[in-house]
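S.K.: Take this sequence and fold it.
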Amino acid sequence: MSIPHATTPDAITPDVHPADAAPRTVWINAGELSGDMHGGRLLEALRRRDPALRCIGMGGPHLRAAGQDAILRVEDLSVMGITEVLGYLPRILGMLRRIKAELAARRPDAVVLIDAPEFNFRIARAAHALGIPVHYYISPKIWAWRTGRVNFIRRHIRRMICILPFEVEFYRRHGMHVDYVGNPLLDMMDWRRLDAIAPAPGRIGLMPGSRRKEIEALMPEYGKAARLLLQDHPGLSFHCVRAPNVTEDALRALWPADVPLTVEPPDDRYATLRTCQLLLAASGTATLETALLGVPTLVAYRVSPFSYWLGKRLVKVRWVSLPNLVLNREVFPELLQENADGAVLARHAARWLDTPGELDRVRADLADLRRRCGPPGAADAAARIILEEMM
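M.R.: Numbers count the residues shown, from 1 in each chain. The predicted structure is shown next:
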């Protein structure tokens, strides 16, 4: 394992790059919105070190804001589950053909892939065949299922850059050395400000996700849970933190009209989340964010019955949420498929609310998560690794 020295942005010294040399070009490929968020920070770090660097590829709002020439939009690929992907297959295949053609025509100095292995592995194969170095920032979850894909990574990826501590041991068991840089979420939060925010009694936060399918599956169940909770806890208030690509109207259309709901903008969502006594959240990166913030969270998720049936037979990890995987125990209850139900959610939330000290116990379990997910400076450390490989 190689652990790069973490640096803060104001300590960065730009890489030495000859003034008369052609600007370096990197292709960054984010396959989902959470990857786009991390990709945007990575691109900012790359440009601090090499201000002339050009970036093209596939991205969303964060990468575009950081200066990427996004030839394709990540919003057009944001799907989940096997049967859900099948419905988008013609579009996905068209995007892959476009990317392969662009790589062959533009010949970037490096390709950086972010998570999303089902899509990005095909790009890795194409770039490798063209002789373009491929780096992976944020390891795909091959430790969860289809672990044999580690052999593909060994053949096609020059540097694997990991952000979760348990991934290091996984790759070591398979005879690989990887770079562990800490988790980039740690650098996205103003801890002094956030730690000063106390949760408001009775405030329940809702995070139904960013994909249409998951929102349609979870938001009505959140509404049912809210109605049930209000029967015995009339002072509760419900605050839905919408994703940047989701409209308030789309959320309210799935919410019961007789239950009051505040839809919060995404701009200052970490502060909003810290004000919540507890959260109901879709499984994904958001659960690690809520764990780092110290907010007790009920994790819920639903996919198609076939996707779930197949996943149960293929997935090799005990939990689906990152906080439970990092801590190696169930701190956040995981309510999947038939348990992602309004009555079940309400029952778990009521137990937390009604049992003295229960929420404090969960918060105590989360206390060491930041330390485990360090060191800080993940994006800067990853940028240094990538640019050194491009010299």
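S.K.: Please make it C-alpha for all contacts and neighbour counts, starting now.
M.R.: Fine.
S.K.: Tell me where this structure has strands.
M.R.: In the chain, strands defined by DSSP state E lie at 25-30, 54-59, 69-73, 110-114, 134-137, 159-162, 179-180, 203-207, 237-241, 262-264, 278-282, 297-301, 334-336, listed in chain order.
S.K.: Can you list the helices and strands that the third one packs against?
M.R.: Applying 3 or more CA pairs under 8 Å, 6 or more residues apart in numbering; DSSP states H and E, one finds that strand 69-73 contacts strand 54-59.
S.K.: quick revisit: columns mean pLDDT, mean neighbour count and distance to residue 253 on top of the strands of the chain, output as JSON lines?
M.R.: Formatted as JSON lines, the entries for the strands of the chain read as follows, by pLDDT from 0 to 100; neighbours: other CA atoms under 10 Å; distance: least, CA to CA, whole Å:
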{"stretch": "strand 25-30", "mean pLDDT": "97", "mean neighbour count": "26", "distance to residue 253": "29"}
{"stretch": "strand 54-59", "mean pLDDT": "97", "mean neighbour count": "24", "distance to residue 253": "28"}
{"stretch": "strand 69-73", "mean pLDDT": "94", "mean neighbour count": "18", "distance to residue 253": "26"}
{"stretch": "strand 110-114", "mean pLDDT": "97", "mean neighbour count": "26", "distance to residue 253": "33"}
{"stretch": "strand 134-137", "mean pLDDT": "96", "mean neighbour count": "26", "distance to residue 253": "37"}
{"stretch": "strand 159-162", "mean pLDDT": "95", "mean neighbour count": "24", "distance to residue 253": "39"}
{"stretch": "strand 179-180", "mean pLDDT": "94", "mean neighbour count": "22", "distance to residue 253": "43"}
{"stretch": "strand 203-207", "mean pLDDT": "98", "mean neighbour count": "23", "distance to residue 253": "15"}
{"stretch": "strand 237-241", "mean pLDDT": "98", "mean neighbour count": "22", "distance to residue 253": "13"}
{"stretch": "strand 262-264", "mean pLDDT": "98", "mean neighbour count": "16", "distance to residue 253": "12"}
{"stretch": "strand 278-282", "mean pLDDT": "97", "mean neighbour count": "25", "distance to residue 253": "18"}
{"stretch": "strand 297-301", "mean pLDDT": "95", "mean neighbour count": "25", "distance to residue 253": "19"}
{"stretch": "strand 334-336", "mean pLDDT": "93", "mean neighbour count": "19", "distance to residue 253": "23"}
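S.K.: want to try JSON lines for these, with distance to residue 371 as columns?
M.R.: Rendered in JSON lines, the data for the strands of the chain read as follows (distance: least, CA to CA, whole Å):
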{"stretch": "strand 25-30", "distance to residue 371": "27"}
{"stretch": "strand 54-59", "distance to residue 371": "30"}
{"stretch": "strand 69-73", "distance to residue 371": "34"}
{"stretch": "strand 110-114", "distance to residue 371": "24"}
{"stretch": "strand 134-137", "distance to residue 371": "21"}
{"stretch": "strand 159-162", "distance to residue 371": "16"}
{"stretch": "strand 179-180", "distance to residue 371": "14"}
{"stretch": "strand 203-207", "distance to residue 371": "25"}
{"stretch": "strand 237-241", "distance to residue 371": "26"}
{"stretch": "strand 262-264", "distance to residue 371": "29"}
{"stretch": "strand 278-282", "distance to residue 371": "22"}
{"stretch": "strand 297-301", "distance to residue 371": "19"}
{"stretch": "strand 334-336", "distance to residue 371": "23"}
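S.K.: Which helix or strand in this structure has the lowest average pLDDT?
M.R.: Lowest on mean pLDDT, DSSP states H and E among the helices and strands of the chain sits helix 82-87, with a mean of 53.
S.K.: Any regions of the chain where pLDDT drops low?
M.R.: Within the chain, the stretches with pLDDT under 70 are 1-21, 78-87, 308-317.
S.K.: Mind naming the longest helix for it?
M.R.: Secondary structure of the chain per DSSP state H: the longest helix is helix 212-232.
S.K.: if I read this right, residue 261 contacts residue 227, doesn't it?
M.R.: No - using CA atoms under 8 Å, residue 261 makes no contact with residue 227, being 11.0 Å away.
S.K.: picking that back up, list of residues touching the longest helix of the chain?
M.R.: Contact with helix 212-232 is made by 79-80, 206, 208-209, 236, 238, 251, 254-256, 259, 280, 282, 300-303, 340-346, 350, as judged by CA atoms under 8 Å, 6 or more residues apart in numbering.
S.K.: I'd say residue 54 and residue 43 touch.
M.R.: No - under the criterion of CA under 8 Å, residue 54 lies out of contact with residue 43, with a separation of 9.6 Å.
S.K.: overlap in contacts of these two?
M.R.: By CA under 8 Å, 6+ apart, residue 54 and residue 43 have these common neighbours: residue 68.
S.K.: Just the buried ones from the contacts of helix 212-232?
M.R.: When neighbours are counted using 16 or more other CA atoms under 10 Å, the contacts of helix 212-232 contain these buried positions: 79-80, 206, 208-209, 238, 251, 254-256, 280, 282, 300-303, 340-346, 350.
S.K.: Quick check: helices, which of those are part of them?
M.R.: 251, 342-346, 350.
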